[in-house]
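> quick one, structure for this:
(4 chains)
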There are 2 protein chains.
Amino acid sequence: MCAETLNHLKTAEAEKASHLEFFNIGVSVDCVIFGFENKELKVLLIKSDLEEFSGKWSLLGDLIDPHEDLDTAPYRVLKQRTGLDNVFLQQVGSFGNVNRHPSGRVITTAYYSLINIRNHHLKISDNEVHWHAVDDIKELAFDHRKIMNTCLKRLQGQIMEEPVVFNLLPEKFSLRELQDLYQSILRTKLDRRNFRKKISLKSWLEDLDEMENDVPHRPGRLYKVKKMEKL
Amino acid sequence: MCAETLNHLKTAEAEKASHLEFFNIGVSVDCVIFGFENKELKVLLIKSDLEEFSGKWSLLGDLIDPHEDLDTAPYRVLKQRTGLDNVFLQQVGSFGNVNRHPSGRVITTAYYSLINIRNHHLKISDNEVHWHAVDDIKELAFDHRKIMNTCLKRLQGQIMEEPVVFNLLPEKFSLRELQDLYQSILRTKLDRRNFRKKISLKSWLEDLDEMENDVPHRPGRLYKVKKMEKL
DNA sequence: TATCAACGTGTAATAAGTACACAAAGATTA
DNA sequence: TAATCTTTGTGTACTTATTACACGTTGATA
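I've put the predicted structure just below:
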(Lines give C-alpha, C1' and ligand atoms only; values in the text may rest on other atoms or scores of the structure.)
Protein backbone atom coordinates (compact mmCIF):
# COMPACT_ATOMS: atom_id res chain seq x y z
CA MET A 1 0.00 0.00 0.00
CA CYS A 2 0.92 3.65 -0.05
CA ALA A 3 2.27 4.41 -3.42
CA GLU A 4 2.82 8.09 -2.99
CA THR A 5 4.94 6.74 -0.31
CA LEU A 6 7.02 4.83 -2.77
CA ASN A 7 7.43 8.00 -4.68
CA HIS A 8 8.34 9.87 -1.57
CA LEU A 9 10.56 7.21 -0.21
CA LYS A 10 13.11 7.19 -2.94
CA THR A 11 15.26 9.47 -0.84
CA ALA A 12 14.18 8.20 2.54
CA GLU A 13 15.82 5.50 4.51
CA ALA A 14 14.85 2.00 3.62
CA GLU A 15 14.10 1.41 7.23
CA LYS A 16 10.96 3.43 6.88
CA ALA A 17 9.61 1.02 4.34
CA SER A 18 9.34 -1.74 6.86
CA HIS A 19 6.86 0.37 8.77
CA LEU A 20 4.62 0.97 5.86
CA GLU A 21 2.56 -2.13 6.14
CA PHE A 22 1.50 -0.99 9.57
CA PHE A 23 0.11 2.34 8.57
CA ASN A 24 -3.61 2.44 8.41
CA ILE A 25 -3.33 5.92 7.06
CA GLY A 26 -0.21 7.46 5.69
CA VAL A 27 0.62 11.05 6.48
CA SER A 28 2.63 13.14 4.08
CA VAL A 29 3.46 16.69 3.18
CA ASP A 30 3.58 18.15 -0.32
CA CYS A 31 5.25 21.37 -1.35
CA VAL A 32 4.14 23.75 -4.03
CA ILE A 33 7.38 25.56 -4.66
CA PHE A 34 6.92 28.74 -6.62
CA GLY A 35 9.67 30.51 -8.46
CA PHE A 36 9.78 33.45 -10.85
CA GLU A 37 11.89 33.62 -13.94
CA ASN A 38 11.58 35.23 -17.28
CA LYS A 39 8.37 37.00 -16.27
CA GLU A 40 6.73 33.68 -15.59
CA LEU A 41 5.53 32.12 -12.38
CA LYS A 42 6.91 28.61 -12.12
CA VAL A 43 6.52 25.55 -9.96
CA LEU A 44 9.10 22.95 -9.14
CA LEU A 45 7.93 19.46 -10.06
CA ILE A 46 9.35 15.99 -10.01
CA LYS A 47 8.65 13.10 -12.37
CA SER A 48 6.35 10.63 -10.74
CA ASP A 49 7.89 7.20 -10.70
CA LEU A 50 4.62 5.57 -9.88
CA GLU A 51 3.44 3.37 -12.69
CA GLU A 52 -0.15 4.61 -12.42
CA PHE A 53 1.21 8.04 -13.16
CA SER A 54 4.03 7.21 -15.51
CA GLY A 55 5.13 10.31 -17.30
CA LYS A 56 3.15 12.61 -15.06
CA TRP A 57 4.69 15.27 -12.90
CA SER A 58 4.05 15.64 -9.22
CA LEU A 59 4.79 17.92 -6.30
CA LEU A 60 7.73 17.31 -4.00
CA GLY A 61 6.61 15.51 -0.93
CA ASP A 62 7.39 12.84 1.56
CA LEU A 63 5.88 10.89 4.38
CA ILE A 64 6.41 12.60 7.66
CA ASP A 65 8.77 11.14 10.15
CA PRO A 66 7.12 10.16 13.43
CA HIS A 67 9.66 12.27 15.25
CA GLU A 68 9.35 15.52 13.39
CA ASP A 69 6.72 18.21 13.74
CA LEU A 70 4.29 18.41 10.87
CA ASP A 71 5.27 21.98 10.05
CA THR A 72 8.97 21.20 9.92
CA ALA A 73 8.56 18.29 7.54
CA PRO A 74 8.31 20.45 4.42
CA TYR A 75 11.56 22.20 5.32
CA ARG A 76 13.23 18.81 5.49
CA VAL A 77 11.72 17.76 2.19
CA LEU A 78 13.01 20.86 0.48
CA LYS A 79 16.42 20.49 1.99
CA GLN A 80 16.72 16.83 1.09
CA ARG A 81 15.28 16.98 -2.37
CA THR A 82 16.67 20.21 -3.66
CA GLY A 83 19.26 21.46 -1.19
CA LEU A 84 17.07 24.49 -0.56
CA ASP A 85 17.37 25.98 2.87
CA ASN A 86 16.02 28.97 4.67
CA VAL A 87 12.98 29.30 2.53
CA PHE A 88 9.58 30.85 2.99
CA LEU A 89 7.00 28.14 3.67
CA GLN A 90 3.39 28.31 4.71
CA GLN A 91 0.79 25.66 5.38
CA VAL A 92 -2.19 25.86 3.06
CA GLY A 93 -4.44 22.91 3.72
CA SER A 94 -4.83 19.18 3.99
CA PHE A 95 -6.14 16.84 1.37
CA GLY A 96 -7.45 13.46 2.30
CA ASN A 97 -10.00 12.00 -0.02
CA VAL A 98 -10.13 8.26 0.24
CA ASN A 99 -9.19 7.74 -3.36
CA ARG A 100 -6.74 10.51 -3.86
CA HIS A 101 -3.98 7.97 -3.92
CA PRO A 102 -4.18 4.93 -6.18
CA SER A 103 -2.52 2.47 -3.89
CA GLY A 104 -3.37 3.38 -0.34
CA ARG A 105 -4.76 5.85 2.09
CA VAL A 106 -2.55 8.87 2.35
CA ILE A 107 -3.51 12.20 3.82
CA THR A 108 -1.29 15.03 2.81
CA THR A 109 -0.78 18.53 4.11
CA ALA A 110 0.15 21.06 1.47
CA TYR A 111 2.59 23.92 1.90
CA TYR A 112 3.56 26.60 -0.46
CA SER A 113 7.00 27.99 -0.75
CA LEU A 114 8.43 31.02 -2.48
CA ILE A 115 12.02 30.90 -3.58
CA ASN A 116 14.37 32.87 -5.72
CA ILE A 117 15.28 30.59 -8.59
CA ARG A 118 18.62 32.20 -9.29
CA ASN A 119 19.91 32.50 -5.74
CA HIS A 120 19.11 29.04 -4.58
CA HIS A 121 20.38 26.99 -7.41
CA LEU A 122 19.18 23.50 -6.92
CA LYS A 123 21.51 20.70 -6.32
CA ILE A 124 19.10 18.33 -7.86
CA SER A 125 19.65 15.04 -6.21
CA ASP A 126 18.20 11.81 -7.38
CA ASN A 127 15.18 12.50 -9.46
CA GLU A 128 14.09 14.53 -12.39
CA VAL A 129 13.22 17.84 -10.84
CA HIS A 130 12.27 20.71 -13.11
CA TRP A 131 10.70 24.13 -13.14
CA HIS A 132 7.44 24.39 -15.04
CA ALA A 133 5.60 27.53 -15.97
CA VAL A 134 2.33 27.48 -14.07
CA ASP A 135 0.46 28.32 -17.26
CA ASP A 136 1.84 25.28 -19.02
CA ILE A 137 0.91 22.77 -16.37
CA LYS A 138 -2.05 20.72 -17.44
CA GLU A 139 -2.25 17.53 -15.53
CA LEU A 140 -0.37 16.38 -12.48
CA ALA A 141 -0.17 13.08 -10.64
CA PHE A 142 -2.50 12.38 -7.71
CA ASP A 143 -4.66 15.37 -6.80
CA HIS A 144 -1.65 17.60 -7.13
CA ARG A 145 -3.30 19.81 -9.67
CA LYS A 146 -6.00 20.66 -7.19
CA ILE A 147 -3.42 21.20 -4.48
CA MET A 148 -1.45 23.50 -6.73
CA ASN A 149 -4.54 25.51 -7.57
CA THR A 150 -5.40 25.90 -3.93
CA CYS A 151 -1.91 27.13 -3.17
CA LEU A 152 -1.99 29.53 -6.08
CA LYS A 153 -5.23 31.02 -4.85
CA ARG A 154 -3.75 31.43 -1.40
CA LEU A 155 -0.78 33.20 -2.90
CA GLN A 156 -2.98 35.46 -4.99
CA GLY A 157 -5.01 36.43 -1.97
CA GLN A 158 -1.99 37.17 0.10
CA ILE A 159 0.26 39.30 -2.05
CA MET A 160 -1.63 42.56 -1.68
CA GLU A 161 -1.88 42.11 2.07
CA GLU A 162 1.51 40.88 3.10
CA PRO A 163 5.03 41.38 1.80
CA VAL A 164 5.66 37.79 0.77
CA VAL A 165 6.52 38.04 -2.91
CA PHE A 166 9.97 39.38 -2.23
CA ASN A 167 11.04 35.84 -1.52
CA LEU A 168 10.72 35.29 -5.25
CA LEU A 169 12.97 38.15 -6.27
CA PRO A 170 16.67 38.88 -6.00
CA GLU A 171 17.69 41.15 -3.17
CA LYS A 172 17.74 44.17 -5.43
CA PHE A 173 14.96 44.64 -7.91
CA SER A 174 13.24 47.30 -9.93
CA LEU A 175 9.59 48.21 -9.68
CA ARG A 176 9.20 46.87 -13.16
CA GLU A 177 10.32 43.43 -12.06
CA LEU A 178 8.01 43.63 -9.09
CA GLN A 179 5.08 44.56 -11.28
CA ASP A 180 5.84 41.75 -13.71
CA LEU A 181 5.80 39.40 -10.77
CA TYR A 182 2.46 40.65 -9.49
CA GLN A 183 1.03 40.39 -12.97
CA SER A 184 2.20 36.83 -13.41
CA ILE A 185 0.77 35.79 -10.07
CA LEU A 186 -2.55 37.58 -10.52
CA ARG A 187 -2.75 36.87 -14.25
CA THR A 188 -3.77 40.43 -15.00
CA LYS A 189 -2.23 43.58 -16.34
CA LEU A 190 -1.81 46.36 -13.85
CA ASP A 191 -1.58 50.05 -14.50
CA ARG A 192 1.98 51.10 -13.88
CA ARG A 193 1.28 54.36 -12.09
CA ASN A 194 -1.42 52.94 -9.89
CA PHE A 195 0.69 49.93 -9.05
CA ARG A 196 3.59 52.10 -7.95
CA LYS A 197 1.31 54.25 -5.86
CA LYS A 198 -0.22 51.26 -4.15
CA ILE A 199 3.11 49.66 -3.40
CA SER A 200 4.59 52.85 -2.09
CA LEU A 201 1.56 53.26 0.21
CA LYS A 202 2.49 50.00 1.87
CA SER A 203 5.98 51.13 2.80
CA TRP A 204 7.45 47.73 2.20
CA LEU A 205 10.38 48.97 0.15
CA GLU A 206 13.61 50.74 0.74
CA ASP A 207 15.02 52.83 -2.07
CA LEU A 208 18.61 51.80 -2.65
CA ASP A 209 19.59 54.85 -4.69
CA GLU A 210 21.04 52.53 -7.26
CA MET A 211 20.13 51.84 -10.84
CA GLU A 212 19.86 48.76 -12.95
CA ASN A 213 22.91 48.38 -15.15
CA ASP A 214 22.20 45.32 -17.20
CA VAL A 215 19.19 46.39 -19.19
CA PRO A 216 19.09 47.41 -22.84
CA HIS A 217 17.06 50.52 -22.11
CA ARG A 218 16.75 53.25 -19.58
CA PRO A 219 17.63 51.72 -16.21
CA GLY A 220 15.18 51.82 -13.33
CA ARG A 221 15.81 52.44 -9.68
CA LEU A 222 16.56 49.49 -7.48
CA TYR A 223 14.79 48.68 -4.25
CA LYS A 224 14.97 46.07 -1.56
CA VAL A 225 12.38 44.96 0.92
CA LYS A 226 12.55 46.52 4.37
CA LYS A 227 13.39 44.20 7.18
CA MET A 228 10.73 44.48 9.81
CA GLU A 229 9.91 42.69 13.00
CA LYS A 230 6.20 42.62 12.59
CA LEU A 231 3.99 43.75 9.75
CA MET B 1 -0.48 5.15 22.67
CA CYS B 2 -2.73 7.80 21.28
CA ALA B 3 -4.61 9.29 24.11
CA GLU B 4 -6.59 11.87 22.20
CA THR B 5 -7.69 8.75 20.59
CA LEU B 6 -9.00 7.40 23.81
CA ASN B 7 -10.85 10.59 24.26
CA HIS B 8 -12.20 10.39 20.75
CA LEU B 9 -12.91 6.76 20.90
CA LYS B 10 -15.46 6.85 23.63
CA THR B 11 -18.15 6.89 21.01
CA ALA B 12 -16.36 4.83 18.40
CA GLU B 13 -16.53 1.14 17.98
CA ALA B 14 -14.26 -0.86 20.18
CA GLU B 15 -12.98 -2.59 17.11
CA LYS B 16 -11.07 0.51 16.21
CA ALA B 17 -9.07 0.25 19.39
CA SER B 18 -7.43 -2.93 18.32
CA HIS B 19 -5.93 -1.12 15.40
CA LEU B 20 -4.43 1.60 17.47
CA GLU B 21 -1.24 -0.10 18.38
CA PHE B 22 -0.42 -0.29 14.70
CA PHE B 23 -0.70 3.39 13.99
CA ASN B 24 2.59 5.09 13.72
CA ILE B 25 0.76 8.34 13.47
CA GLY B 26 -2.84 8.89 14.35
CA VAL B 27 -4.98 11.12 12.19
CA SER B 28 -7.88 13.00 13.67
CA VAL B 29 -10.17 15.92 13.06
CA ASP B 30 -11.22 18.52 15.61
CA CYS B 31 -14.15 20.88 15.34
CA VAL B 32 -14.37 24.40 16.65
CA ILE B 33 -18.11 24.81 16.76
CA PHE B 34 -19.20 28.39 17.14
CA GLY B 35 -22.60 29.49 18.30
CA PHE B 36 -24.14 32.83 19.23
CA GLU B 37 -26.42 33.40 22.14
CA ASN B 38 -27.12 36.25 24.45
CA LYS B 39 -24.84 38.57 22.50
CA GLU B 40 -21.91 36.25 23.13
CA LEU B 41 -19.88 34.11 20.80
CA LYS B 42 -19.66 30.61 22.16
CA VAL B 43 -17.85 27.39 21.46
CA LEU B 44 -19.04 23.87 22.06
CA LEU B 45 -16.66 21.91 24.26
CA ILE B 46 -16.52 18.49 25.80
CA LYS B 47 -14.93 17.44 29.06
CA SER B 48 -11.67 15.68 28.44
CA ASP B 49 -11.65 12.26 29.97
CA LEU B 50 -7.93 11.91 29.60
CA GLU B 51 -6.25 11.82 32.96
CA GLU B 52 -3.47 14.17 31.88
CA PHE B 53 -6.18 16.69 31.24
CA SER B 54 -8.63 15.83 33.96
CA GLY B 55 -11.08 18.65 34.38
CA LYS B 56 -10.01 20.40 31.19
CA TRP B 57 -12.29 21.02 28.28
CA SER B 58 -11.49 20.03 24.73
CA LEU B 59 -12.80 20.35 21.22
CA LEU B 60 -14.99 17.72 19.67
CA GLY B 61 -12.95 15.40 17.56
CA ASP B 62 -12.33 11.87 16.51
CA LEU B 63 -9.89 9.72 14.67
CA ILE B 64 -10.76 9.52 11.04
CA ASP B 65 -12.07 6.33 9.62
CA PRO B 66 -9.86 4.82 6.92
CA HIS B 67 -12.86 4.71 4.63
CA GLU B 68 -14.08 8.28 4.89
CA ASP B 69 -12.75 11.38 3.20
CA LEU B 70 -10.89 13.73 5.47
CA ASP B 71 -13.32 16.56 4.80
CA THR B 72 -16.37 14.47 5.59
CA ALA B 73 -15.05 13.29 8.94
CA PRO B 74 -15.99 16.46 10.81
CA TYR B 75 -19.58 16.16 9.57
CA ARG B 76 -19.69 12.68 11.00
CA VAL B 77 -18.22 13.84 14.27
CA LEU B 78 -20.82 16.54 14.63
CA LYS B 79 -23.61 14.20 13.73
CA GLN B 80 -22.48 11.50 16.12
CA ARG B 81 -21.57 13.65 19.03
CA THR B 82 -24.29 16.27 18.94
CA GLY B 83 -26.90 15.18 16.43
CA LEU B 84 -26.08 18.26 14.39
CA ASP B 85 -26.63 17.91 10.71
CA ASN B 86 -26.44 20.12 7.69
CA VAL B 87 -24.03 22.54 9.21
CA PHE B 88 -21.54 24.99 7.85
CA LEU B 89 -18.01 23.57 8.12
CA GLN B 90 -14.70 24.73 6.77
CA GLN B 91 -11.20 23.37 7.04
CA VAL B 92 -8.79 25.71 8.78
CA GLY B 93 -5.49 23.95 9.21
CA SER B 94 -3.58 20.98 10.50
CA PHE B 95 -1.67 20.71 13.72
CA GLY B 96 0.98 18.12 14.17
CA ASN B 97 3.67 18.96 16.65
CA VAL B 98 5.34 15.86 17.97
CA ASN B 99 4.37 16.57 21.54
CA ARG B 100 0.95 18.05 21.05
CA HIS B 101 -0.52 14.88 22.45
CA PRO B 102 0.70 13.48 25.74
CA SER B 103 0.42 9.85 24.87
CA GLY B 104 1.15 9.40 21.20
CA ARG B 105 1.63 10.94 17.85
CA VAL B 106 -1.60 12.38 16.54
CA ILE B 107 -1.94 14.85 13.72
CA THR B 108 -5.22 16.67 13.64
CA THR B 109 -6.98 18.74 11.05
CA ALA B 110 -9.10 21.53 12.45
CA TYR B 111 -12.45 22.68 11.08
CA TYR B 112 -14.65 25.46 12.18
CA SER B 113 -18.38 25.28 12.17
CA LEU B 114 -21.08 27.90 12.57
CA ILE B 115 -24.40 26.80 13.94
CA ASN B 116 -27.55 28.35 15.25
CA ILE B 117 -27.74 27.33 18.88
CA ARG B 118 -31.51 27.56 19.15
CA ASN B 119 -32.43 25.80 15.93
CA HIS B 120 -30.19 22.82 16.27
CA HIS B 121 -30.81 21.83 19.81
CA LEU B 122 -28.23 19.29 20.73
CA LYS B 123 -29.14 15.80 21.60
CA ILE B 124 -26.10 15.51 23.73
CA SER B 125 -25.11 11.94 23.66
CA ASP B 126 -22.62 10.39 25.97
CA ASN B 127 -20.36 13.05 27.29
CA GLU B 128 -20.47 16.36 28.97
CA VAL B 129 -20.88 18.75 26.11
CA HIS B 130 -21.43 22.41 26.86
CA TRP B 131 -21.39 25.83 25.31
CA HIS B 132 -18.71 28.19 26.62
CA ALA B 133 -18.42 31.88 25.98
CA VAL B 134 -15.23 32.38 23.98
CA ASP B 135 -14.20 35.15 26.34
CA ASP B 136 -14.39 32.86 29.34
CA ILE B 137 -12.25 30.10 27.91
CA LYS B 138 -8.84 30.11 29.47
CA GLU B 139 -7.17 26.79 29.07
CA LEU B 140 -8.10 23.81 26.96
CA ALA B 141 -6.75 20.29 26.71
CA PHE B 142 -4.05 19.44 24.16
CA ASP B 143 -3.23 22.36 21.86
CA HIS B 144 -6.89 23.08 21.51
CA ARG B 145 -6.56 26.62 22.72
CA LYS B 146 -4.19 27.36 19.87
CA ILE B 147 -6.51 25.61 17.44
CA MET B 148 -9.46 27.62 18.69
CA ASN B 149 -7.55 30.87 18.33
CA THR B 150 -6.57 29.99 14.79
CA CYS B 151 -10.17 29.26 13.91
CA LEU B 152 -11.36 32.46 15.52
CA LYS B 153 -8.89 34.46 13.49
CA ARG B 154 -10.07 32.74 10.35
CA LEU B 155 -13.64 33.60 11.23
CA GLN B 156 -12.76 37.21 11.96
CA GLY B 157 -11.00 37.55 8.64
CA GLN B 158 -13.85 36.05 6.74
CA ILE B 159 -16.96 37.78 8.00
CA MET B 160 -16.53 41.04 6.11
CA GLU B 161 -15.73 39.21 2.90
CA GLU B 162 -18.22 36.39 2.80
CA PRO B 163 -21.75 35.90 4.07
CA VAL B 164 -20.97 33.17 6.56
CA VAL B 165 -22.23 34.56 9.85
CA PHE B 166 -25.85 33.96 8.96
CA ASN B 167 -25.30 30.36 9.91
CA LEU B 168 -25.16 31.61 13.48
CA LEU B 169 -28.48 33.45 13.39
CA PRO B 170 -32.11 32.41 13.15
CA GLU B 171 -33.69 32.66 9.74
CA LYS B 172 -35.18 36.05 10.50
CA PHE B 173 -33.08 38.59 12.31
CA SER B 174 -32.81 42.30 12.84
CA LEU B 175 -29.83 44.43 11.91
CA ARG B 176 -29.30 44.96 15.61
CA GLU B 177 -28.81 41.26 16.15
CA LEU B 178 -26.48 41.10 13.19
CA GLN B 179 -24.43 43.96 14.52
CA ASP B 180 -24.22 42.39 17.97
CA LEU B 181 -22.92 39.27 16.30
CA TYR B 182 -20.26 41.11 14.33
CA GLN B 183 -19.22 42.92 17.45
CA SER B 184 -18.88 39.74 19.45
CA ILE B 185 -16.81 38.09 16.74
CA LEU B 186 -14.57 41.07 16.11
CA ARG B 187 -14.48 42.15 19.76
CA THR B 188 -15.08 45.77 18.85
CA LYS B 189 -17.89 48.25 18.88
CA LEU B 190 -19.15 49.30 15.49
CA ASP B 191 -20.92 52.48 14.53
CA ARG B 192 -24.52 51.64 13.80
CA ARG B 193 -25.01 53.82 10.77
CA ASN B 194 -21.73 52.81 9.18
CA PHE B 195 -22.36 49.17 9.87
CA ARG B 196 -25.75 49.31 8.20
CA LYS B 197 -24.31 51.10 5.23
CA LYS B 198 -21.55 48.57 4.81
CA ILE B 199 -23.86 45.60 5.09
CA SER B 200 -26.36 47.05 2.68
CA LEU B 201 -23.56 47.65 0.18
CA LYS B 202 -22.91 43.92 0.15
CA SER B 203 -26.45 43.02 -0.89
CA TRP B 204 -26.46 39.91 1.23
CA LEU B 205 -29.83 40.59 2.81
CA GLU B 206 -33.44 40.46 1.80
CA ASP B 207 -35.85 42.76 3.57
CA LEU B 208 -38.75 40.70 4.84
CA ASP B 209 -41.08 43.64 5.44
CA GLU B 210 -41.74 42.26 8.87
CA MET B 211 -41.01 43.58 12.31
CA GLU B 212 -39.73 42.10 15.51
CA ASN B 213 -42.58 41.49 17.91
CA ASP B 214 -40.92 40.20 21.01
CA VAL B 215 -38.85 43.15 22.09
CA PRO B 216 -39.58 45.60 24.90
CA HIS B 217 -38.91 48.64 22.75
CA ARG B 218 -39.42 49.89 19.26
CA PRO B 219 -39.25 46.85 16.98
CA GLY B 220 -36.76 46.65 14.15
CA ARG B 221 -37.20 45.35 10.64
CA LEU B 222 -36.47 41.71 9.99
CA TYR B 223 -34.19 40.41 7.27
CA LYS B 224 -33.03 37.09 5.97
CA VAL B 225 -29.96 36.20 3.99
CA LYS B 226 -30.38 35.96 0.24
CA LYS B 227 -29.93 32.57 -1.29
CA MET B 228 -27.39 32.77 -4.02
CA GLU B 229 -25.60 30.31 -6.22
CA LYS B 230 -22.25 31.98 -6.16
CA LEU B 231 -20.99 34.95 -4.26
C1' DT C 1 21.47 61.82 -34.58
C1' DA C 2 17.35 59.23 -34.94
C1' DT C 3 14.88 55.56 -33.06
C1' DC C 4 13.47 52.46 -29.54
C1' DA C 5 11.95 50.72 -25.17
C1' DA C 6 11.21 51.44 -20.78
C1' DC C 7 11.36 55.01 -16.89
C1' DG C 8 9.16 58.36 -13.86
C1' DT C 9 5.59 61.21 -12.69
C1' DG C 10 0.23 63.74 -11.39
C1' DT C 11 -4.51 64.88 -11.65
C1' DA C 12 -9.41 64.50 -11.87
C1' DA C 13 -13.30 61.54 -10.93
C1' DT C 14 -15.34 57.96 -8.41
C1' DA C 15 -15.89 54.91 -4.59
C1' DA C 16 -15.27 53.54 0.16
C1' DG C 17 -14.57 54.52 5.02
C1' DT C 18 -15.27 57.36 9.19
C1' DA C 19 -17.25 60.48 12.54
C1' DC C 20 -21.16 62.14 14.20
C1' DA C 21 -26.93 63.75 15.99
C1' DC C 22 -31.76 63.83 16.00
C1' DA C 23 -36.56 62.71 15.39
C1' DA C 24 -39.89 58.75 15.77
C1' DA C 25 -41.79 54.15 17.41
C1' DG C 26 -43.49 51.22 20.89
C1' DA C 27 -43.32 49.70 25.81
C1' DT C 28 -43.46 50.94 30.50
C1' DT C 29 -44.85 53.44 34.48
C1' DA C 30 -46.28 57.34 37.23
C1' DT D 1 -52.86 59.75 29.21
C1' DA D 2 -48.69 61.93 29.51
C1' DA D 3 -43.94 61.50 30.53
C1' DT D 4 -40.05 58.64 30.08
C1' DC D 5 -37.25 54.99 28.36
C1' DT D 6 -34.90 52.24 24.94
C1' DT D 7 -33.99 51.29 20.51
C1' DT D 8 -34.99 52.28 15.57
C1' DG D 9 -33.96 54.55 11.30
C1' DT D 10 -31.74 57.87 8.67
C1' DG D 11 -27.80 61.61 6.08
C1' DT D 12 -23.97 64.62 5.51
C1' DA D 13 -19.34 66.35 5.54
C1' DC D 14 -14.67 64.78 5.63
C1' DT D 15 -10.99 61.87 4.61
C1' DT D 16 -8.88 58.17 2.30
C1' DA D 17 -8.45 54.74 -1.40
C1' DT D 18 -9.22 53.39 -6.23
C1' DT D 19 -9.33 54.04 -11.06
C1' DA D 20 -8.46 55.91 -15.61
C1' DC D 21 -5.40 58.11 -18.21
C1' DA D 22 -0.52 60.87 -21.23
C1' DC D 23 3.80 62.90 -21.78
C1' DG D 24 8.47 64.21 -21.46
C1' DT D 25 13.04 61.82 -20.18
C1' DT D 26 16.79 58.41 -20.18
C1' DG D 27 20.07 55.41 -21.91
C1' DA D 28 21.08 51.82 -25.48
C1' DT D 29 21.34 50.73 -30.20
C1' DA D 30 21.58 51.26 -35.21
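
> all contacts plus neighbour counts: C-alpha atoms, from now on.
Will do.

> tell me the residues of chain A that contact DNA strand D?
With CA under 7 Å from any atom of the strand as the criterion, chain A meets DNA strand D at residues A:191, A:193, A:194, A:198, A:213, A:215, A:216, A:217, A:218, A:219.

> switch the cut-off to 6 Å
A:193, A:194, A:198, A:216, A:217, A:218, A:219 (CA under 6 Å from any atom of the strand).

> give me the element the third one is part of.
Under the criterion of DSSP states H and E, residue A:198 resides in helix A:192-202.

> so how far is that helix off the chain centroid?
Chain-centre distance of helix A:192-202: 26 Å, with CA atoms, centre = their mean, to the nearest Å.

> and that helix, what does it pack onto?
With contacts defined as 3 or more CA pairs under 8 Å, 6 or more residues apart in numbering or on different chains; DSSP states H and E, the packing partners of helix A:192-202 are helix A:175-186.

> helices and strands around the helix it packs on, which ones?
Using 3+ CA pairs under 8 Å, 6+ apart: helix A:175-186 touches strand A:40-47, helix A:144-158, helix A:192-202, strand A:221-225.

> moving C-terminal from the helix-or-strand element of chain A with minimal mean pLDDT, which element do we reach first?
Of all helical and strand segments in chain A, the minimum by mean pLDDT, DSSP states H and E falls on helix A:14-20, at a mean of 39. Later in the chain than helix A:14-20, the nearest helix or strand by DSSP H and E is strand A:26-37.

> residue A:102: how many residues sit nearby?
16 (other CA atoms under 10 Å in any protein chain shown).

> residue contacts, the residue nearest the centre of chain A?
By CA atoms, centre = their mean, chain A has its centre lying nearest to residue A:33, at 1.5 Å. For residue A:33, the contacting residues are A:43, A:44, A:112, A:113, A:114, A:115, by CA atoms under 8 Å, 6 or more residues apart in numbering or on different chains.

> of those, which is the most crowded?
Going by other CA under 10 Å, residue A:115 tops the contacts of residue A:33 with 26 neighbours.

> from what I see, that residue and residue A:171 are in contact.
No. Assessed by CA atoms under 8 Å, residue A:115 is found out of contact with residue A:171, at 11.7 Å.

> now do residue A:82 against DNA strand D, distance only.
To DNA strand D, residue A:82 is 35 Å away according to CA to the nearest atom of the strand, to the nearest Å.

> where does chain A have low pLDDT?
Along chain A, the model assigns pLDDT under 70 to residues A:1-23, A:124-127, A:229-231.

> residues in contact with residue A:92?
A:109, A:110, A:111, A:112, A:150, A:151, A:154, B:93.

> closest one to DNA strand D out of these, please.
residue A:154 (18.5 Å; CA to the nearest atom of the strand).

> which residue is the nearest non-sequential neighbour of that closest one?
Ranked by CA to CA, 6 or more residues apart in numbering or on different chains and with sequence neighbours excluded, the top spatial neighbour of residue A:154 is residue A:92, at 7.3 Å.

> residues from chain A in reach of chain B?
Taking CA under 8 Å from any CA of the partner chain as the measure of proximity, chain A contacts chain B at A:22-27, A:66-71, A:91-98, A:105, A:107, A:109.

> in helices, which of those residues appear?
Among the residues of chain A next to chain B, DSSP state H puts none in helices.

> which among the residues you listed count as buried?
Among the residues of chain A next to chain B, those buried by neighbour count (16 or more other CA atoms under 10 Å in any protein chain shown) are A:23-27, A:69-71, A:91-98, A:105, A:107, A:109.

> which of these fall within strands?
A:26, A:27, A:91, A:92, A:93, A:94, A:95, A:107, A:109 (DSSP state E).

> from these, which is closest to DNA strand D?
residue A:92 (24.7 Å).

> contacting residues for the closest residue to residue A:108 other than its chain neighbours?
Sequence neighbours aside, residue A:28 is the residue nearest to residue A:108 in space, at 4.5 Å (criterion: CA to CA, 6+ apart). For residue A:28, the contact set (CA under 8 Å, 6+ apart) comprises A:61, A:62, A:63, A:64, A:106, A:107, A:108, A:109.

> out of these, which are buried?
A:61, A:62, A:63, A:64, A:106, A:107, A:108, A:109.
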